[in-house]
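Participant: give me a model of this one.
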Amino acid sequence: MLTGATMTRDQPHRVLNIRDRAAGRRADTFLSLRFPSTSRSTFAKWIKEGMVQSDDRTLKPSSVLRLGETLRIWSPGLAPTDGPPPTPPILFEDEWLLAIDKPAGMLVHPVGQRYAWALIGLVRELRPDARIDLSHRLDRDTSGVVLLTKHEDANRAMKAAFQSRKVSKTYHAVVRGVVPWEERAVEAPLGHKMGSEVQLRRGEDPEGDSALTHMKVLSRMAAHTLVECRPFTGRTHQIRAHLEIAGFPILGDKLYGQPDNVFLELLDHGLTDRVRALIGFPRHALHAQSLAFPHPKSGQMVKVRAPLPADMQAIVDGAVPTWAAEAAVEDEVDTIEEEAE
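Facilitator: Numbers count the residues shown, from 1 in each chain. All right, here's what the predicted structure looks like:
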């Protein structure tokens, strides 16, 4: 039920679906915990003004949130300032699953305090009658196949398939340098990169988590190579770290293949000329090319593919990688929060 005098669903707003961890909390308490830069009293004021509403009832600051309830937020800074981007292409869909070709630069789920359109919200708006959830994640900069589920049974089954390594993942990466070998396996346990000032940076660590990636050259260019990567384990930043260990880091990677001071300069001072020159491309050139998985209902194997995006295909076709001076870089603080989850 909409109660605000001026707020309508046609205006850009943020949608929050109440899940298990939020159900049973007061509305103003939950929102202040979800967005800690905004106080409980401010949320109470916004609720009273109709800037935060429930689809099911007239919301009060003291309202106890219900499982499955949908909240809509028009509050400044927490809501979008413009309409949603187009929903990315659908690669596969049935009554259980939906696979999307995620573009680089799009989050799979919201992070941070500032609003950014995320894939999960776009698909939930597209399929409002389904309980849409992610079965896995991709980094903001990584393009390609993202598999979502349409109800709880499907989500449980797919997460179990990922955890038991029944899902086969294939990535394509444009790396710096001309790779001399045709195929190789990198088996290097991963932990925090020794000596690195960046907490999230992974590197070879004898005491780290076992990790194995198979690599195969697909195409060589003048100064870059297109490499197929198949991870047999699912460690954080595995492909990016293993390609750095192999001596051929991904083009455009802000964290790997660079000294720490490049990433730290980006965080502290933004996109300086030096940072742009060293990174060389607006995003890391990594693409989730395919997923092969047992269908949660039939058990039959399904393979979903996403074509190489235009920015990477241009390099394969011979274009020199460029990063226009006016190109923006996403908020790296939000990117860190996303990758840490």
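Participant: need the contact list for residue 292.
Facilitator: 167-168, 301-304 (CB atoms under 8 Å, 6 or more residues apart in numbering). Yep, even glycine has a C-beta here, placed from its N, CA and C like the rest.
Participant: any idea which element it lies in?
Facilitator: strand 286-294 (DSSP states H and E).
Participant: do residue 99 as well
Facilitator: Applying DSSP H and E as the criterion places residue 99 in strand 97-102.
Participant: circling back: which one of the contacts of residue 292 has the most neighbours?
Facilitator: Neighbour tally across the contacts of residue 292 (other CB atoms under 10 Å): the maximum, 20 neighbours, falls on residue 304.
Participant: got the contact list for that one?
Facilitator: So, once contact is read as CB under 8 Å, 6+ apart, residue 304 ends up touching 91-92, 99, 145, 147, 290-292.
Participant: now for the residues you listed: which two are most distant?
Facilitator: Using CB to CB, the pair of these lying farthest apart is 91 and 292, separated by 12.8 Å.
Participant: picking up where we left off before, quick check, nearest of the contacts of residue 304 to residue 322?
Facilitator: Closest to residue 322 out of those is residue 145 (26.5 Å), distances taken as CB to CB.
Participant: count of neighbours near the closest one?
Facilitator: 24.
Participant: which residues in the stretch 1-150 of the chain form helices?
Facilitator: 27-34, 40-48, 119-126 (DSSP state H, counting those that start in this stretch).
Participant: the longest helix along the chain to strand 97-102, inter-axis angle?
Facilitator: Criterion DSSP state H: the longest helix present in the chain is helix 152-163. Taking axes from the mean of the first three to the mean of the last three CA atoms, to 10 degrees, one finds helix 152-163 and strand 97-102 inclined to each other by 60 degrees.
Participant: and after helix 152-163, which helix or strand comes next?
Facilitator: strand 168-176.
Participant: wait, a helix at residue 185?
Facilitator: No. Assignment of residue 185 by DSSP: H, G, I helix; E, B strand; the rest coil gives strand, placing it outside any helix.
Participant: so what's it up against?
Facilitator: 212-215.
Participant: what helix or strand is the closest residue to residue 183 other than its chain neighbours on?
Facilitator: Closest residue to residue 183 apart from its sequence neighbours, by CB to CB, 6 or more residues apart in numbering: residue 216 at 4.7 Å. Assessed by DSSP H and E, residue 216 sits inside strand 212-220.
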